[in-house]
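sharing a model prediction with you, sequence too.
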Amino acid sequence: MVSTSQPIPSTDPSTQSEKVSDRPMIAIVDFGSQYSELIARRIRETQVYSEVMPYYTSAEEIAKFRPRGIILSGGPNSVYAPNAPHCDPGIWDLGIPILGVCYGMQLMVQQLGGRVEQADRGEYGKASLTIDDPTDLLTNVDDGAVMWMSHGDSVLEMPAGFTVLAHTANTPCAAIANPERNFYGVQFHPEVVHSIGGKALIRNFVYHICECEPTWTTESFIEESIREIRSQVGEKRVLLALSGGVDSSTLAFLLHRAIGDRLTCMFIDQGFMRKGEPERLVKLFKEQFHIPVEYINASDRFLNLMEGIIEPERKRKLIGYEFIKVFEEESRRLGPFDYLAQGTLYPDVIESADTNIDPATGKRIAVKIKSHHNVGGLPPDLRFVLVEPLRKLFKDEVRKVGTVLGLPAEIVKRQPFPGPGLAIRIIGEITPERLEMLRDADLILRQEINRSGMYNELWQAFAVLLPTVRSVGVMGDARTYAHPVVLRFVTSEDGMTADWAKVPYELIGTIANRIVNEVPGINRVVMDVTSKPPGTIEWE
Ligand SMILES: Nc1ncnc2c1ncn2[C@@H]1O[C@H](COP(=O)(O)OP(=O)(O)OP(=O)(O)O)[C@@H](O)[C@H]1O
Ligand SMILES: O=c1[nH]c(=O)c2[nH+]cn([C@@H]3O[C@H](COP(=O)(O)O)[C@@H](O)[C@H]3O)c2[nH]1
Ligand SMILES: NC(=O)CC[C@H](N)C(=O)O
């Protein structure tokens, strides 16, 4: 979810030289699809390990992972376009089962001698699958199952040795196979939740075609990580930047179990936290978990830094840089530390590979919407060696690890909170008064959401202050001329896409009523009903 403004070299999958384990794995070759990550998660849900690698990974490199199967992802390009990304044709001779999804299937067809062209009519959204051969890949997938499609190109001619397993009204070759060579292709996206039977198809591929056993479990991950951390850091001390979110808290538990009190956790209060949160975090860690936390109060310097700053990207960048400065100063004071632990997750690693291709130039491009704050990009003269045991996990996997390690639900199920905090929820300049207003409104919103029991149903629930807007109201027969606050409730699976949540009217009413009555300076409450896309979750 988090992309760093300066990528950390060690998180680039193309430069990793990690030891290959004996655990069965599926390699996902990424052609820039927005769903590549989702394919990896679906595979891992079957308790089989999977890794995403960029499309330019050579067959030889892929083979080093000893994958039991390869999946070629979808992608925005057309396989016949001049600059379309291709995979190393050497993969066809590895003797490993391969499943091509959408672009991946089209590429398989083209590279093996078939024909792909622009279709008369594209197919976007749901389509009903008519099954011609119910065995093998399509076992337990119902005839007429709805599958999710998103393509403008189609297979017109299959390569030698292939047969059709299923078709739709629009697409004669919706699922194809060369069972002899264990090559399979689907024009639809089995990884998307809207594809009914998609999970069954993925299980067929993983268990029956690739013959994987389910070995990827939370417990095995924890055991392996503890061993690796101990062997990496030996008797040295480790510094962990703790935000109190799921990732860094899980990491704190994991490291504490591995190296005990050689771990130092540091929490930096930039002054943009929610009301009561810093105190709660430190208390929880100290008193309940018996893991001491270095609490650094840096709120004054961050507030000074934000004087006159309005532009969102500038806010984010300044906060990010200042964060590093504080971190650097404080770690020198408490150090020396040889190791720095970060809660880098797998999506950060995948994103840093930049597999999107500009069709005009054929160059790889990174599509950046916002600079996310992170501890990544620390200056090299800090000379830390990074400890990133969660770098192969997805957020839901981190939550499972946290639970098994004994992290309370309060933290494991915590809604995400952005690194720059309330600074990006005040639309305009940040002042102490505005922060106070937003904190109070946000607290009311959180209290009511908790009381309603809806907290865990929502990805996020928060308030945004519009301090440069004023509107007229009436309170106690007197005129008010004050600011609005926006309520933002969203549901999401991973933060990449989101829906605005349909919370009950009564709850919205209670929150609005309390905010206007209890928070001076706010006389109006509005609600954000924009999904992502086209909106983003945060306003800045
Ligand atoms: N206030 C803070 N004090 C110390 N470290 C922080 C702070 N905020 C963020 N970090 C560090 O930066 C990392 C990335 O921060 P970010 O806000 O992007 O959160 P994240 O990746 O969602 O992780 P988490 O779930 O731990 O908050 C965190 O994992 C943590 O190590
Ligand atoms: O760790 C983070 N550091 C950041 O700088 C940051 N900005 C946004 N977010 C969170 O990311 C998710 C997607 O946010 P957007 O739709 O606003 O991009 C949402 O869950 C946001 O809360 C951040 N998380
Ligand atoms: N989703 C995809 O992989 C699309 C593949 C290709 N761009 C098409 O339109 O057919």
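Ah, there it is. Ligands and ions are numbered 1, 2, ... in the order given.

the longest helix out of those in the chain vs ligand 1: in contact?
Counting by DSSP state H, the longest helix found in the chain is helix 312-334. No: on the criterion Cβ under 6 Å from any ligand atom, helix 312-334 is out of touch with ligand 1, staying 7.0 Å away. (Glycine included, C-beta is placed from N, CA and C.)

avg pLDDT for the helix or strand following that helix?
Following helix 312-334 in sequence order, the next helix or strand is strand 339-341 (DSSP states H and E). Mean per-residue pLDDT for strand 339-341: 91.

ok, and does strand 339-341 reach over to ligand 1?
No: taking Cβ under 6 Å from any ligand atom as the criterion, strand 339-341 and ligand 1 are apart, separated by no less than 7.6 Å.

could you check how many residues crowd around the residue of the chain found nearest ligand 1?
Closest contact between the chain and ligand 1, by Cβ to the nearest ligand atom, is at residue 245 (2.1 Å). A total of 19 residues lie near residue 245 under the criterion other Cβ atoms under 10 Å.

verify the stated contact: it with residue 414.
Yes: contact criterion Cβ atoms under 8 Å: residue 245 and residue 414 qualify, at 6.5 Å.

show me what contacts the residue of the chain closest to ligand 1?
By Cβ atoms under 8 Å, 6 or more residues apart in numbering, the residues touching residue 245 are 343, 414, 416, 417.

on that earlier part again, mind listing what's buried in the longest helix of the chain?
Residues of helix 312-334 classed as buried: 312, 315-320, 322-324, 326-327, 330-331 (neighbour count, 16 or more other Cβ atoms under 10 Å).

pLDDT and distance to ligand 3 added to those, as JSON lines?
Shown next, in JSON lines, are the buried residues of helix 312-334 (pLDDT from 0 to 100; distance: Cβ to the nearest ligand atom, whole Å):
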{"residue": "312", "pLDDT": "95", "distance to ligand 3": "31"}
{"residue": "315", "pLDDT": "95", "distance to ligand 3": "35"}
{"residue": "316", "pLDDT": "91", "distance to ligand 3": "31"}
{"residue": "317", "pLDDT": "89", "distance to ligand 3": "34"}
{"residue": "318", "pLDDT": "93", "distance to ligand 3": "38"}
{"residue": "319", "pLDDT": "92", "distance to ligand 3": "36"}
{"residue": "320", "pLDDT": "86", "distance to ligand 3": "34"}
{"residue": "322", "pLDDT": "91", "distance to ligand 3": "41"}
{"residue": "323", "pLDDT": "88", "distance to ligand 3": "38"}
{"residue": "324", "pLDDT": "84", "distance to ligand 3": "38"}
{"residue": "326", "pLDDT": "91", "distance to ligand 3": "44"}
{"residue": "327", "pLDDT": "87", "distance to ligand 3": "41"}
{"residue": "330", "pLDDT": "91", "distance to ligand 3": "47"}
{"residue": "331", "pLDDT": "87", "distance to ligand 3": "45"}
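
interface residues of this structure facing ligand 3?
Counting by Cβ under 6 Å from any ligand atom, the residues of the chain lying close to ligand 3 are 33, 74, 75, 76, 77, 78, 102, 103, 150, 151, 152, 153.

buried ones among those residues?
Among these, those scoring as buried are 33, 74, 75, 77, 78, 102, 103, 150, 151, 153 (criterion: 16+ other Cβ under 10 Å).

same list, those residues, but as TSV with secondary structure please.
Formatted as TSV, these follow (DSSP: H, G, I helix; E, B strand; the rest coil):
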residue	secondary structure
33	coil
74	coil
75	coil
77	coil
78	coil
102	coil
103	helix
150	strand
151	strand
153	strand
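
what's the closest of these to ligand 2?
Checking those one by one against ligand 2 (Cβ to the nearest ligand atom), the nearest turns out to be residue 33, at 19.2 Å.

need the helices for the stretch 401-540 of the chain, in chain order.
409-412, 432-452, 505-518 (DSSP state H, counting those that start in this stretch).

what sits up against the shortest one?
By Cβ under 8 Å, 6+ apart, the surrounding residues in contact with helix 409-412 are 244, 246, 249, 250, 284, 399, 402, 403.

from these, which land in strands?
With DSSP state E as the criterion, strands contain none of the contacts of helix 409-412.

give the buried residues for stretch 60-78.
Using 16+ other Cβ under 10 Å as the test for burial, stretch 60-78 gives 62-63, 65, 67-75, 77-78.

what of stretch 531-540?
Applying 16+ other Cβ under 10 Å to stretch 531-540 flags 532, 537, 538, 539, 540 as buried.

up against ligand 1, what does the stretch 101-250 of the chain have?
Contact residues, the stretch 101-250 of the chain versus ligand 1 (Cβ under 6 Å from any ligand atom): 241, 242, 243, 245, 246, 247, 248.

so of those residues, which ones are in helices?
246, 247, 248.

once you drop chain neighbours, what's closest to the second one?
This points to residue 247. residue 343 (3.2 Å; Cβ to Cβ, 6 or more residues apart in numbering).

so that neighbour is in contact with residue 389, correct?
No: assessed by Cβ under 8 Å, residue 343 is found out of contact with residue 389, at 9.4 Å.

shared neighbours, these two?
Shared contacts of residue 343 and residue 389 (Cβ under 8 Å, 6+ apart): residue 251.

for residue 120, helix, strand, or coil?
strand.

per the record, what domains does the protein have?
24-209, 218-412, 425-528 (automatic domain parsing).

worst mean pLDDT among these?
Among the domains of the chain, domain 218-412 has the lowest mean pLDDT, at a mean of 88.

gap between the residue of the stretch 101-250 of the chain found nearest ligand 2 and residue 163?
Nearest to ligand 2, among the residues of the stretch 101-250 of the chain, is residue 245, at 7.3 Å (Cβ to the nearest ligand atom). Computed as Cβ to Cβ, to the nearest Å, the residue 245 to residue 163 distance reads 50 Å.

with residue 110 instead?
Computed as Cβ to Cβ, the residue 110 to residue 163 distance reads 18 Å.

so for these two, which sits in the more crowded spot?
residue 110 (18 against 13).

so that one: helix, strand or coil?
Going by three-state DSSP: residue 110 is helix.

next up, the contacts around it.
79, 80, 116.

buried among these? Need that as a selection in ChimeraX.
Command for ChimeraX that selects the buried part of the contacts of residue 110, burial taken from 16+ other Cβ under 10 Å:
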select :79,116
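
circling back: can you redo the helices of the stretch 401-540 of the chain as JSON lines with distance to ligand 2?
Converted to JSON lines, the helices of the stretch 401-540 of the chain look like this (distance: least, Cβ to the nearest ligand atom, whole Å):
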{"stretch": "helix 409-412", "distance to ligand 2": "15"}
{"stretch": "helix 432-452", "distance to ligand 2": "13"}
{"stretch": "helix 505-518", "distance to ligand 2": "19"}
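
deepest of those, which one?
Ranked by mean neighbour count, the helices of the stretch 401-540 of the chain are led by helix 432-452 with a mean of 19 (mean count of other Cβ atoms under 10 Å).

packing partners for that one?
Packed against helix 432-452 by the contact rule (3 or more Cβ pairs under 8 Å, 6 or more residues apart in numbering; DSSP states H and E) you find strand 460-465, strand 478-491, helix 505-518.

any chance of these in CSV, plus distance to ligand 1?
Shown next, in CSV, are the helices and strands packed on helix 432-452 (distance: least, Cβ to the nearest ligand atom, whole Å):
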stretch, distance to ligand 1
strand 460-465, 12
strand 478-491, 16
helix 505-518, 25
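
export those to a markdown table and tack on distance to residue 140?
Shown next, in a markdown table, are those (distance: least, Cβ to Cβ, whole Å):
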| stretch | distance to residue 140 |
| --- | --- |
| strand 460-465 | 36 |
| strand 478-491 | 29 |
| helix 505-518 | 41 |
